[in-house]
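Chemist: Quick one: sequence and predicted model below, then my questions.
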Amino acid sequence: MAIIPELLAKIPDEFKPITALVIGAFILVFLALFHGFGLHHILLQSKRGERRRRVGRPRLVAASLLFGWIVFLMLALHLVEILIWAFALTRAGLIEHTYDAIYFCANSYTTLGLGKVDVDKNWRIVSPIIGISGLFTFAWTTSALVDVVASYSRLLEQLEDEREREMHMRFALRKEEWDALKKGHAAVQSEREKTSIKMVGTSFFERLRIWKEERRKVEDLRHTEAEEIGALRQKERSDEEKLGPGDDSDDKQ
């Protein structure tokens, strides 16, 4: 790679700006293709993540983490592009130190224009080309981010609706459980009252038999009560897992 700086140094000064323009244009086109490829996969990952979170129980925290992850990937994509520019400048011998190249490219890429690091006057046309590449990619990312934010807002709205439905379902479950408990308690009390009536005027062994029979019936009632509550909870969990966009919400989207 050391041959590249030597070849660039042999170019006459009057042709160096044109050479810088050609090299910069080549890298700009490459970065545009790279940015489009990377952004496509980021948006694809965002859509897949949203589809997974639209099905099943509403997980608002998971949706927020997905949005944050997508924004981070977009930022990382720009950072990689800055590093590509810095790598190209250091390999071309236009800037000696890597950290100086990264600082110079970051300032040019973001069109900030600050900093004391600069290239030779014959290669300065590289700086505005880096700025143009930054304008292209930032505008592209901004348009994609607008779609991501809009889709994220729709996702949150759906999850909030599903969360409300989930709370109603759980409230209904608690009410049904309480009714089942009251029904079971009333049945146990009724059985014990019948046992008390049967025990009146009976012998000790007869009372023991009646008491054992009453205990068996109480255990059967409580077992039935537990099965009923378990079936209610299983149905509620199944209904929660089925939460998701219906036909109406699909049409809206």
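Modeler: Cool, the structure landed.
Chemist: what bits of the stretch 101-250 of the chain have low per-residue confidence?
Modeler: 199-201, 204-205, 207, 236-237, 239-250 (pLDDT under 70).
Chemist: That one: helices as residue ranges?
Modeler: Using DSSP state H, counting those that start in this stretch, the helices of the stretch 101-250 of the chain run over 126-199, 204-241, 247-252.
Chemist: which helices and strands does the first one pack with?
Modeler: With contacts defined as 3 or more C-beta pairs under 8 Å, 6 or more residues apart in numbering; DSSP states H and E, helix 126-199 has these neighbours: helix 16-53, helix 60-91, helix 98-109, helix 204-241. Placement of C-beta: from N, CA and C, glycine included.
Chemist: Could you point out which of these sits nearest G131?
Modeler: Closest approach to G131 among those (C-beta to C-beta): helix 98-109, 5.2 Å.
Chemist: what's the closest one in contact with?
Modeler: 78, 81-83, 85-87, 89-90, 94-95, 112-115, 117-119, 126-128, 130-131, 133-134 (C-beta atoms under 8 Å, 6 or more residues apart in numbering).
Chemist: Mark which of these are buried, thanks.
Modeler: 78, 81-82, 85-86, 89-90, 94-95, 117, 119, 126-127, 130-131, 133-134 (16 or more other C-beta atoms under 10 Å).
Chemist: Now do stretch 126-137: everything it contacts.
Modeler: 20-21, 23-25, 27-28, 31-32, 35, 77-78, 81, 85, 89, 94, 104-105, 108-111, 118-119.
Chemist: Among those residues, name the buried ones.
Modeler: 20, 23-24, 27-28, 31, 35, 77-78, 81, 85, 89, 94, 104-105, 108-110, 119.
Chemist: Tell me the pLDDT of the residue positioned nearest the centre of the chain.
Modeler: In the chain, the residue lying closest to the centroid (C-alpha atoms, centre = their mean) is L66, at 1.5 Å. For L66, the pLDDT comes out at 92.
Chemist: Settle this for me: it is touching R53, isn't it.
Modeler: Yes: between L66 and R53 there is a contact under C-beta atoms under 8 Å: 6.7 Å.
Chemist: The closest residue to G24 other than its chain neighbours and V188, how far apart?
Modeler: Distances taken as C-beta to C-beta, 6 or more residues apart in numbering place I129 nearest to G24, at 3.4 Å, with adjacent residues excluded. Applying C-beta to C-beta, to the nearest Å, the value for I129 to V188 is 85 Å.
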